[in-house]
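Engineer: Fold the following and give me the result.
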Amino acid sequence: MKPVDVRAMTEDQLKDNILKLKKEQFNLRFQAATGQLENTARVTQVRRDIARLRTIQSERKSQQEQGS
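Structural biologist: The predicted model follows:
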């Protein structure tokens, strides 16, 4: 997920994507704990995507507060 794509999303889309990624992160952790995880790099990708989405959210929030 590229930052350009994330910035094009609406606030609702950001929230939906974060929720979807959090569910995927939970499932990946569960798979890792049970020894069924095949793609271990996906855990890092999901964690970074969540951070990227939250960063864009906080940037927008601070911009709104400065504009008010």
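
Engineer: Determine the longest helix present in this structure.
Structural biologist: As assigned by DSSP state H, the longest helix anywhere in the chain is helix 41-67.

Engineer: for stretch 16-35, what is the average pLDDT?
Structural biologist: Confidence for stretch 16-35, expressed as mean pLDDT, is 97.

Engineer: Once you drop chain neighbours, what's closest to the residue nearest the centre of the chain?
Structural biologist: The structure's the chain has its C-alpha centroid closest to Ile50; by Cα atoms, centre = their mean the separation is 2.1 Å. Leaving aside its sequence neighbours, Ile50 sits nearest to Leu21 (Cβ to Cβ, 6 or more residues apart in numbering; 5.0 Å). All C-beta spots, glycine's among them, are computed from the backbone N, C-alpha and C.

Engineer: swap in Thr40?
Structural biologist: Leaving aside its chain neighbours, Thr40 sits nearest to Ala32 (7.4 Å; criterion: Cβ to Cβ, 6+ apart).

Engineer: if I look at the one you found, how far off is Gln25?
Structural biologist: Applying Cβ to Cβ, to the nearest Å, the value for Ala32 to Gln25 is 11 Å.

Engineer: Pull up the overlap in contacts between those two.
Structural biologist: Counting by Cβ atoms under 8 Å, 6 or more residues apart in numbering, the shared contacts of Ala32 and Gln25 are Val43.

Engineer: Neighbour count for the two, which is higher?
Structural biologist: Gln25 (16 against 12; other Cβ atoms under 10 Å).

Engineer: separation between the more buried one and Glu59?
Structural biologist: With distances taken as Cβ to Cβ, Gln25 is found 22 Å from Glu59.

Engineer: just Glu38 next, same as before
Structural biologist: Distance, Glu38 to Glu59, by Cβ to Cβ: 34 Å.

Engineer: quick one, which of the two is more surrounded?
Structural biologist: Legend: neighbour count by other Cβ under 10 Å for Glu38 and Glu59, higher for Glu59 (11 against 6).

Engineer: how near is Pro3 to Thr34?
Structural biologist: In this view, Pro3 and Thr34 are 34 Å apart by Cβ to Cβ.
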